[in-house]
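**Student:** What follows is a predicted structure for the sequence shown.
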Amino acid sequence: MISLLILVVLLTIATNLISTIGASAINTLLWNIYTSIIPSPASAVVPKAASIRKEVLQLRRELQGTSSQDEFARWAKVRRTLDKKVIELERLNATIATYRSTFDSRASTIRWVLTTGLKMFLQLWFSKRPMFWIPEGWVPGVVEWGLAFPRAPRGSVSIQVWSFAVGQVVATLVAVGLWVWTQVVMARKAAGKVPVAAMGKSAAEKKVG
């Protein structure tokens, strides 16, 4: 069985990643998986709406390429078909929006329960349990009291303090990771522009010569 110490670390990492990525992006990913893999009313409607959306685009292109004066009969037929498809697509989009709203609400609730909710429950339920002990006399008495806050035994680290410390470390690592990733992306973009500029300069010099 996983230790409480590690469980708090994993929950803290999960909550920080969710905060960094964004709940909306995670819900979109889960929605795409849900409608692609799991059989449900939504998974039956989404592909149908996508197919009709393609038909609408194709009909619009065909309508634009048909003259309402020279080919009125054909233009009118395409127009009637397009109007029917648009109405059907709007109906399906409204149905999908209802399914998506329900899905987002349930996904957000489950995600909160499995991360933040579980973390709060553990902090309440195990508030008296020490995460680990620190050597006696290693820190001043006031610090010992603070590390055990609010209800852990004196000389130990409480789950609340451990959760806070892990949260700060994870948040710092995420911030550093994002900064490094940004720098790498910017460096690659800069490296990609240099050869192009150099080639343009070389070509200009050849023309002058």
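**Tutor:** Right, received. Where do you want to start? Numbering: from 1, shown residues only.
**Student:** low pLDDT regions in the chain?
**Tutor:** 1, 193-209 (pLDDT under 70).
**Student:** What are the boundaries of the strands in it?
**Tutor:** Secondary structure of the chain (DSSP state E): strands at 132-133, 156-157.
**Student:** Which neighbouring elements make contact with the last one?
**Tutor:** To tie it back to what came earlier, the one meant is strand 156-157. Under the contact criterion of 3 or more C-beta pairs under 8 Å, 6 or more residues apart in numbering; DSSP states H and E, strand 156-157 touches strand 132-133. Yep, even glycine has a C-beta here, placed from its N, CA and C like the rest.
**Student:** returning to that earlier point: for residue 64, find the nearest of the strands of the chain.
**Tutor:** Ranking those by proximity to residue 64 (C-beta to C-beta) places strand 156-157 first, at 69.5 Å.
**Student:** partners of that closest one, with directions?
**Tutor:** strand 132-133 (antiparallel) (DSSP bridges).
**Student:** re the thing from before, tabulate the strands of the chain (CSV), appending distance to residue 45 and mean neighbour count.
**Tutor:** CSV is the format used below for the strands of the chain (distance: least, C-beta to C-beta, whole Å; neighbours: other C-beta atoms under 10 Å):
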stretch, distance to residue 45, mean neighbour count
strand 132-133, 52, 10
strand 156-157, 52, 19
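**Student:** And those: which comes nearest residue 76?
**Tutor:** From the strands of the chain, taking C-beta to C-beta, the stretch that ends up closest is strand 156-157, at 78.0 Å.
**Student:** contacts for the closest one?
**Tutor:** With contact meaning C-beta atoms under 8 Å, 6 or more residues apart in numbering, strand 156-157 is reached by 130-134, 147-148.
**Student:** tell me the two of these that are most distant?
**Tutor:** Spatial extent of the contacts of strand 156-157 (C-beta to C-beta) is set by the pair 132 and 148 at 11.4 Å.
**Student:** is it possible to export the strands of the chain to TSV including distance to residue 63?
**Tutor:** Listed next are the strands of the chain as TSV, based on distance: least, C-beta to C-beta, whole Å:
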stretch	distance to residue 63
strand 132-133	71
strand 156-157	70
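**Student:** Going along the chain, name the helices of this protein.
**Tutor:** 4-21, 23-37, 41-64, 72-112, 118-125, 141-147, 159-208 (DSSP state H).
**Student:** Include distance to residue 153 and mean neighbour count when you put those helices into CSV, please.
**Tutor:** Listed next are the helices of the chain as CSV, based on distance: least, C-beta to C-beta, whole Å; neighbours: other C-beta under 10 Å:
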stretch, distance to residue 153, mean neighbour count
helix 4-21, 15, 16
helix 23-37, 37, 14
helix 41-64, 51, 14
helix 72-112, 31, 14
helix 118-125, 16, 14
helix 141-147, 10, 13
helix 159-208, 12, 12
